[in-house]
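Student: how would this look folded up:
(chains A and B)
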2 protein chains.
Amino acid sequence: MRKALAIDVGGTKIYSTIIDENGEIISEIEKNKTPKTLEEIIETFKKIIKKHEDEVDIIAFSTCGAVNNENNKILGSTGNIASGYPTTNFKELSDKKPVFVENDANCAAWAEHEIGASKGCPNSIMITLGTGVGGGLILNNKLFKGKNGAAGEMHFKMSTDKKRKCTCGAWDCFEIYASGTGLKITAEEMLNNKDVTTYDVIGGAKNNDEKMIKVLQRWQDDITEGLIGLSNIFDPDCIVLSGSMAEFVNTDEMEKKVNAEIVTTPTKIYKATAGNYSGMIGAALLALNKEV
Amino acid sequence: MRKALAIDVGGTKIYSTIIDENGEIISEIEKNKTPKTLEEIIETFKKIIKKHEDEVDIIAFSTCGAVNNENNKILGSTGNIASGYPTTNFKELSDKKPVFVENDANCAAWAEHEIGASKGCPNSIMITLGTGVGGGLILNNKLFKGKNGAAGEMHFKMSTDKKRKCTCGAWDCFEIYASGTGLKITAEEMLNNKDVTTYDVIGGAKNNDEKMIKVLQRWQDDITEGLIGLSNIFDPDCIVLSGSMAEFVNTDEMEKKVNAEIVTTPTKIYKATAGNYSGMIGAALLALNKEV
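Tutor: Reported below is the predicted structural model:
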């Protein structure tokens, strides 16, 4: 059976493992801290690749940052990782095996489509709710990347009144409402308290603190408003919510609200099921698929 | 050369003509008022079809309302046309030739892709700015329809503050800001005058009335905010603006603002060039294409 060495690159950690063409993780998960400099990051990649390249058919990166349609280059900047990282020449990391690169949210979306919550759905939208927000679009059973590979960015407006500045520099993007950071800002606004944290909200809501329950509900309702728009634009089979913050939403409630408002046809809202390593699984499956 | 009898069905008029596989209109454009009752509408269709069906290979409808993926049935309601209209059995309208049906905004988007402003663009979004707003998505050189055929509805939120009720029943959709109706509401709000019309704004702006210029600018800026979101979601080659209201926007200005804000890669904003009968042209080309 064909196999990929999958490497997940985030702002804080680099994970790696070997994954077969069924999406099964067949070796230990190795963890490295993401080094501060580009040189050290490349060193880490080379060490991982040298150790495993003889055991696999292809090397598959799931990375922060948008990736081009040729799957070999990062487009533009990538947030909290060494600023030179997008210049990485992935192809040169191995002279024995081909190297494939894809954006982490796209990889996770593909894993859900192949072995997870959106399996059997030709058209699905995956949204990762974490510190930020990621997006991946599966349309007609294919990963949709747009003209240069950057599609699926969940930066559409929730307001035109310049209320919240998004991490992207623009105002009032979905990300700055739907993310963990967005939850903190919603709490700050509703409670008039700059020091409140996402943990205060989550913990408070669990302990039946009415104020915190209201904050969490408002955050969820904002996400729902975004999903209504996406459902009208795409008429998708389903929307999959993943990431650390997805745990705290009520998808049944969201699905009801979405289907009551949309002008397209009823959709489903699921939580992701492909697990914490879905990025690596998706990267491996996309890479092995592309190689055939 | 293969030919289609194209029929465009709107709330007020039914147009028809014969179009060849190059998208050329090769007969007179016939015009009928859209009758009030379903029976009279069907009668009109049958009269047009009987007259021309022997001259063509297929009958191609461009219609108001979302159309299913099999291109033979309207999904749901269609606004200002006889309420029974979606029950129309298009296939039964001719027993000599196949009948193809597609949504009018989708047809117009396809015409732009084949012979108009987005020719050569694999990924384009067309937005029709009229009394309402229509949308059509061309992704990877194909019309994207979603799971049931309803995709491309431009009902995503411009606010979560319940400011304007949209014609769809929900609050603050792009349509109720970007449409002609939206321009009237923007004028009402900014001028604190319930009686102001879109014509007052357009006429005033032409005559350098500063207040009206500001209203028109605000309306255009709201449209631009929507295009920023769509550009981040799709990373499209271009966005095409069509419809009677597209005449009044400055696409150069919009393109600059969009490209200054998006996190994806620069896009183009064009006005439609396929003409007033682009719906019929797109329907004919889609139908003749499907037949091959």
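
Student: quote the end-to-end distance of stretch A:127-136.
Tutor: Taking C-alpha to C-alpha, to the nearest Å, stretch A:127-136 runs 7 Å from one end to the other.

Student: just how off-centre is that stretch within its chain?
Tutor: 5 Å (C-alpha atoms, centre = their mean, to the nearest Å).

Student: neighbouring contacts of it?
Tutor: A:79, A:103-110, A:125-126, A:143, A:152-154, A:167, A:174-175, A:178-181, A:223, A:227, A:239-246, A:249, B:233 (C-beta atoms under 8 Å, 6 or more residues apart in numbering or on different chains). Where you see a C-beta, it was placed from the backbone N, CA and C, and this is true even at glycine.

Student: list buried members of these by neighbour count.
Tutor: Buried members of those, scored by 16 or more other C-beta atoms under 10 Å in any protein chain shown, are A:103-110, A:125-126, A:143, A:152-154, A:167, A:174-175, A:178-181, A:223, A:227, A:239-243, A:245-246, A:249, B:233.

Student: in helices, which of these appear?
Tutor: Counting by DSSP state H, the members of the buried ones among the contacts of stretch A:127-136 that fall within helices are A:104-110, A:175, A:178, A:180-181, A:223, A:227, B:233.

Student: which one of these is nearest residue A:84?
Tutor: residue A:104 (18.9 Å; C-beta to C-beta).

Student: state the pair within the ones in helices among the buried ones among the contacts of stretch A:127-136 that is farthest apart.
Tutor: Maximum distance among these (C-beta to C-beta): 25.8 Å, for A:110 and A:181.

Student: please, where are all the strands along the stretch 101-250 of chain A?
Tutor: A:124-129, A:133-139, A:142-143, A:238-242 (DSSP state E, counting those that start in this stretch).

Student: how far is stretch A:256-268 from where the chain is centred?
Tutor: Worked out by C-alpha atoms, centre = their mean, stretch A:256-268 lies 23 Å from the chain centre.

Student: list the buried residues for it?
Tutor: A:257, A:258, A:259, A:261, A:262, A:263, A:264, A:265, A:267, A:268.

Student: so who does the residue nearest the centre of chain A touch?
Tutor: Among the residues of chain A, the one closest to the centroid is residue A:105, at 3.0 Å (C-alpha atoms, centre = their mean). By C-beta under 8 Å, 6+ apart, the contact set of residue A:105 is A:126, A:128, A:134, A:135, A:136, A:152.

Student: residue A:214 now?
Tutor: residue A:190.

Student: show the pLDDT at residue A:291.
Tutor: As predicted, residue A:291 sits at a pLDDT of 54.

Student: then residue A:106?
Tutor: 98.

Student: wait, it sits on residue A:143?
Tutor: Yes: between residue A:106 and residue A:143 there is a contact under C-beta atoms under 8 Å: 5.7 Å.

Student: between these two, what contacts are shared?
Tutor: A:136, A:286.

Student: picking that back up, any idea how far the residue nearest to the centre of chain A is from residue A:226?
Tutor: 15 Å (C-beta to C-beta, to the nearest Å).

Student: do residue A:276 as well
Tutor: 24 Å.

Student: in terms of neighbours, single out the busier of those two.
Tutor: residue A:226 (26 against 13; other C-beta atoms under 10 Å in any protein chain shown).

Student: show me the contacts for that one.
Tutor: Taking C-beta under 8 Å, 6+ apart, one finds A:154, A:156, A:158, A:174, A:177, A:178, B:156, B:157 in contact with residue A:226.

Student: re the thing from before, which of the buried residues of stretch A:256-268 are close to chain B?
Tutor: Filtering these for neighbours of chain B using C-beta under 8 Å from any C-beta of the partner chain leaves A:261, A:262, A:263, A:264, A:265, A:267.
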